[in-house]
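Q: how does the following fold in three dimensions:
(2 chains)
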2 protein chains.
Amino acid sequence: MLADLTERHSPLLGRALEAVRSREHWSPYPEAPDAYREQDPAAGERAFRRLLDTPFELDQPGRDGTVGPSPAAGGETSPYGFALGISYPHCDPAVLLPAMRAATADWRTATPEERAVVCAEILARINARSNEWAQAAMHTSGHGPVMAFHAGAVHAQDRGLEAVAVALAEQMRIPAAVAWRKPLDDGRTFALDKTFTAVPRGIGLVIGNSVFPTWNGYPGLFASLATGNAVLVKPHPQAVLPLALTVRVAREVLRDAGFPPDLVCLAAEHPGERLARRLAVDPEVRIVDYAGTTAFGAWLTANASQARLFTATSAVNSLLVESTAGYRDMLANLAFTLSLYSGQLCTSPQNLLIPRAGIATDEGHKDYGEVVADLGDALDALLADDARAADILGALLGPQVRDRVERADSGRLGPVAHRSRAVRHPRFPDAVIRTPVVVSLDASRARDRATLLSEWLGPVSFAVAVDSADDGIALLDRAVREKGALSVGAYTTSPEVERALEHACAGSGVMLSLNLTGDWYITQSAVYSDLHGTGLNPSGNSAYCDAAFVADRFRTVTVRRAPDTV
Amino acid sequence: MLADLTERHSPLLGRALEAVRSREHWSPYPEAPDAYREQDPAAGERAFRRLLDTPFELDQPGRDGTVGPSPAAGGETSPYGFALGISYPHCDPAVLLPAMRAATADWRTATPEERAVVCAEILARINARSNEWAQAAMHTSGHGPVMAFHAGAVHAQDRGLEAVAVALAEQMRIPAAVAWRKPLDDGRTFALDKTFTAVPRGIGLVIGNSVFPTWNGYPGLFASLATGNAVLVKPHPQAVLPLALTVRVAREVLRDAGFPPDLVCLAAEHPGERLARRLAVDPEVRIVDYAGTTAFGAWLTANASQARLFTATSAVNSLLVESTAGYRDMLANLAFTLSLYSGQLCTSPQNLLIPRAGIATDEGHKDYGEVVADLGDALDALLADDARAADILGALLGPQVRDRVERADSGRLGPVAHRSRAVRHPRFPDAVIRTPVVVSLDASRARDRATLLSEWLGPVSFAVAVDSADDGIALLDRAVREKGALSVGAYTTSPEVERALEHACAGSGVMLSLNLTGDWYITQSAVYSDLHGTGLNPSGNSAYCDAAFVADRFRTVTVRRAPDTV
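A: Sure thing, here's the model as predicted:
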């Protein structure tokens, strides 16, 4: 089995590493749902439907209860308006963690290549079921269908494969063995034979989020697994299914490849159990990957000191609109960006900073009010048709997002420049779908600054009047440093403004995207090319997927041996 | 200047990286003091003498006082028995840290290659003064002359260059720029031009130790500096001079190369100031490298959560004597190992585990008592001559080490198998020098286990009777896991015992050295080949110098730009 997997996946891993080195475009996983012959979108939906209203089986040790199926008992509810009715096994960590440790014996001593091809096989089997994964993403995170297929399935697989490839490369930097020979002054040679072995830390804990459980979860899961660790996945209570499916496939592949399935386990939790707090400080847990709120990230930083911690937390992203040579293209790009997945991406821009004196464009000068009004028109044009709007917007994650929209729409935060409207989904009448609300703020007002320096996850955007480009740059720089950001954007035709932005973004440590139009949006991250996060600002301490993301998940143990003869 | 440095040092860095990749023997810095024509040992001692009883000038900002020259005011005392009489500037961190941050502007935007060759020049100038550095090491750490020249000078420079080379390689993994082109389904191509810039974290703090201030300090100092950070060096109060000299040379080279000298500063402290606690939690400090006690390492882990922390802390090293095909060579190797620098190395073996039924050797069966007695004879033979003994032993670090020797020698820990004796140094009559004491312990006694599971830094060794090889392996495994270890050794001719040792050391995460005789000792670490530390046991969380040691000292910031034309 391992030899088969090596033959099948080694070239793929080599190609992935080539992409990571060059940062050129590449992906082995087609982006079109129809490319998956084994399972077209309709078959994917049928597979998903079969999961509903049934217990999700996982033969893990230490089972001591059931999570779900009712929402009161921890069962998931689709943002499209129905309860999934799935129940998951609950396992006692005091049994599960020692069983996982015991499972690592053969995995530790497998070669890095063997571990990498097993991981690649897990991803291959997930990839073949991408349409099913997309359904799971829609009905836990509320993605629209394209977002679900991309971020919920194939792009998450890309992030997983990227982590596997980078982890393999890091484990190969030091040779497995060397015959060390030191010439001595008297002409003799002193000899030692040395072996170097990559040794895992132990158990990695992956704490999933609700917005992108696979895309944010796979980097840590596969980086830890590929470096020889066992991995315990603690999903967000509202998005268990995508990671439960992932864990089940991982266990199947491990078993098929001759390894104990308990190398990968799921830790579903009872409502109010706060299981992440219990697991993250367990002495058995030596790595924690966390995606979620800044507050819990800070708690982990202060408390999970026995583990190597990788965080991806909240962001307040800003975008400066200073000038443009493509006004209509800019508006179209911005309208789509604000609408995509209802602005619930961690890379969605929240604050659009616009000089109050207006901007220069290829259509002449536009004053602040015109720009905001034209953006509203672009939103209306994009989202006029409910069916199309629903596909772009997806559904709101939960009532707290809807509350935010309603608060912004009420005018209590500031004058409403463009109102939100409810969208009716053609198939799911109970889905809660809202178009973006745009509120007009003024950076010179302290109250408005406080508003825009808070995170408003969801379809809530602020058009912010700033005194000048420099004023806008100072404000976005402050947002990055104080609140964290994954993405800063700008439209400008001025080389000076561009240089000032580059300087600011290098200083605060955030990715900068300039003058995006057409088929790419600031929210997007091209796996194998774009690093997601910098680790320099409060939005997280790490990046998908640089060497630092994997290099400390294993350590090297040396044996030095006097040879029998030289 | 930078072009000159590049021409001079680029090939050296390339060669260092080749060594790090192959792990073969290499060093650019000759190990013989006489190899340094610019400054022979006598000139080195003269240079050192000129430093004594004078203020050590460093033109750092924020000077608010003086440390030393009297021992009561924080001045250093040589373990060879005289006060150095040197005073150092004391600087206010509230002035120093902002000045250091301000100094980083041009260093951040220099290329990784430029930073690397500047670092290599710092090391070249230090290397040319190795005999002076050796004197500074002798009269702060108490090294003997060979140890001082090696660990205090040239091998520390090796560790520094290794860190610079690895840091350079890590910063080159991602290309500086890529023209990213994605083919679209409709035949068009979507284009983004991307740049990737290595951005430093900010200020790195290096907290030095007293035993090997340069060897333990250079990896962090040069890894942080080479990745674009400023570096503040907080030396151990008893070993300021080696790092003060280093900081002065670094500042000279930086100034010569056109960079602000405040990129590298010294933080000497008043007695009782506890300056490390103040600096390590300062928000400006984003990296901490610490070598010292496990207790303060734990404090840093719990408190310096704003920084990326690299620790090298206490160790309890064990060595199993199970069987040998070279009994006399083994005894000679062990006697030297226990004597070298009075067992004050972090890699010195403390516990010699010997089966109580004795061992098989090429001279026939030797029972436990015979092995211990023969080791005592080997120590006597090695250390019979006071002048030679003083060179091997060096001087005791301080009164707490002497107290430990006296306690062990008194018989209060257990039967004394070989007594310590005072050695008179031919030139320094006030030097406190002691030969190793060997105490006989029994692993079956709880009190003895408690004794051997504590750290006894200094010339205190335990010959520990164990029931069997397996019993010994279990005991050394426990010492690694509970107390931390940098080094496990063994003499065995049994493939089974060897396999069991390998398994145990991979499990607890510690380097294993087998059957060392002749010109290599378990205490030694070959730079560019041996990793120092594993990061897996309580003796530290990192290793000199793998990718993980440098990869997280900088982060990558991307700019994505829509190109004008494709």
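Q: do the helix or strand hosting A:Thr556 and chain B meet?
A: Assigned by DSSP states H and E, A:Thr556 falls within strand A:554-561. Yes - residues of strand A:554-561 contacting chain B under C-beta under 8 Å from any C-beta of the partner chain: A:Arg555, A:Thr556, A:Val557, A:Thr558, A:Val559, A:Arg560, A:Arg561. Any C-beta I mention is one placed from the backbone N, CA and C, and that applies to glycine too.
Q: please name the bridge partners of the spatially closest residue to A:Val199 that is not a sequence neighbour.
A: In this structure, A:Val199 finds its nearest non-sequential neighbour in A:Val557, 4.9 Å apart by C-beta to C-beta, 6 or more residues apart in numbering or on different chains. Following DSSP bridges, A:Val557 is listed with bridge partners A:Thr197.
Q: for A:Val557, give me its contacts.
A: By C-beta atoms under 8 Å, 6 or more residues apart in numbering or on different chains, the residues touching A:Val557 are A:Phe196, A:Thr197, A:Val199, B:Cys505, B:Ala506, B:Gly509, B:Val510, B:Met511, B:Leu512, B:Thr534, B:Leu536.
Q: and the gap between A:Gly152 and chain B?
A: Counting by C-beta to the nearest C-beta, to the nearest Å, the gap from A:Gly152 to chain B is 20 Å.
Q: list phi and psi for the residue lying closest to that residue once chain neighbours are set aside.
A: Spatially, and ignoring its direct neighbours in sequence, A:Gly152 is nearest to A:Ala137 (2.6 Å; C-beta to C-beta, 6+ apart). Main-chain dihedrals, A:Ala137, degrees, to the nearest 10: phi -70, psi -40.
Q: settle this for me: A:Ala137 is touching A:His143, isn't it.
A: Yes - if you go by C-beta atoms under 8 Å, A:Ala137 and A:His143 touch, sitting 4.9 Å apart.
Q: got any residues that touch both of those two?
A: Taking C-beta under 8 Å, 6+ apart as the contact rule, the neighbours common to A:Ala137 and A:His143 are A:Ala151, A:Gly152.
Q: from chain B, how far off is the nearest residue to A:Phe82 once chain neighbours are set aside?
A: Excluding the flanking residues, the one nearest A:Phe82 by C-beta to C-beta, 6+ apart is A:Asp430, at 6.9 Å. For A:Asp430, the distance to chain B equals 34 Å [C-beta to the nearest C-beta].
Q: same question for A:Arg50.
A: A:Arg50 is 31 Å from chain B, where distance means C-beta to the nearest C-beta.
Q: what helix or strand is that residue on?
A: helix A:41-51.
Q: which parts of that helix are buried?
A: A:Pro41, A:Gly44, A:Glu45, A:Ala47, A:Phe48, A:Leu51 (16 or more other C-beta atoms under 10 Å in any protein chain shown).
Q: partner strands of the helix or strand following that helix, with direction?
A: Toward the C-terminus, helix A:41-51 is succeeded by strand A:63-67 as the next helix or strand (DSSP H and E). Counting by DSSP bridges, the strands paired with strand A:63-67 are strand A:88-91 (antiparallel).
Q: and the next helix or strand after the strand it pairs with, what's its mean pLDDT?
A: Using DSSP H and E, the helix or strand that follows strand A:88-91 in sequence is helix A:93-109. Average pLDDT, helix A:93-109: 97.
Q: helix A:93-109 packs against which elements?
A: Applying 3 or more C-beta pairs under 8 Å, 6 or more residues apart in numbering or on different chains; DSSP states H and E, one finds that helix A:93-109 contacts strand A:189-200, strand A:203-207, strand A:230-234, helix A:275-280.
Q: tabulate those (TSV), appending mean pLDDT and distance to A:Tyr368.
A: Formatted as TSV, the helices and strands packed on helix A:93-109 follow (pLDDT from 0 to 100; distance: least, C-beta to C-beta, whole Å):
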stretch	mean pLDDT	distance to A:Tyr368
strand A:189-200	96	55
strand A:203-207	98	42
strand A:230-234	98	46
helix A:275-280	98	44
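Q: could I get the ones you listed in JSON lines, plus columns for distance to A:Arg412 and mean neighbour count?
A: Converted to JSON lines, the helices and strands packed on helix A:93-109 look like this (distance: least, C-beta to C-beta, whole Å; neighbours: other C-beta atoms under 10 Å in any protein chain shown):
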{"stretch": "strand A:189-200", "distance to A:Arg412": "52", "mean neighbour count": "20"}
{"stretch": "strand A:203-207", "distance to A:Arg412": "34", "mean neighbour count": "29"}
{"stretch": "strand A:230-234", "distance to A:Arg412": "36", "mean neighbour count": "26"}
{"stretch": "helix A:275-280", "distance to A:Arg412": "33", "mean neighbour count": "18"}
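Q: nearest to A:Thr361, of the ones you listed?
A: strand A:203-207 (44.7 Å; C-beta to C-beta).
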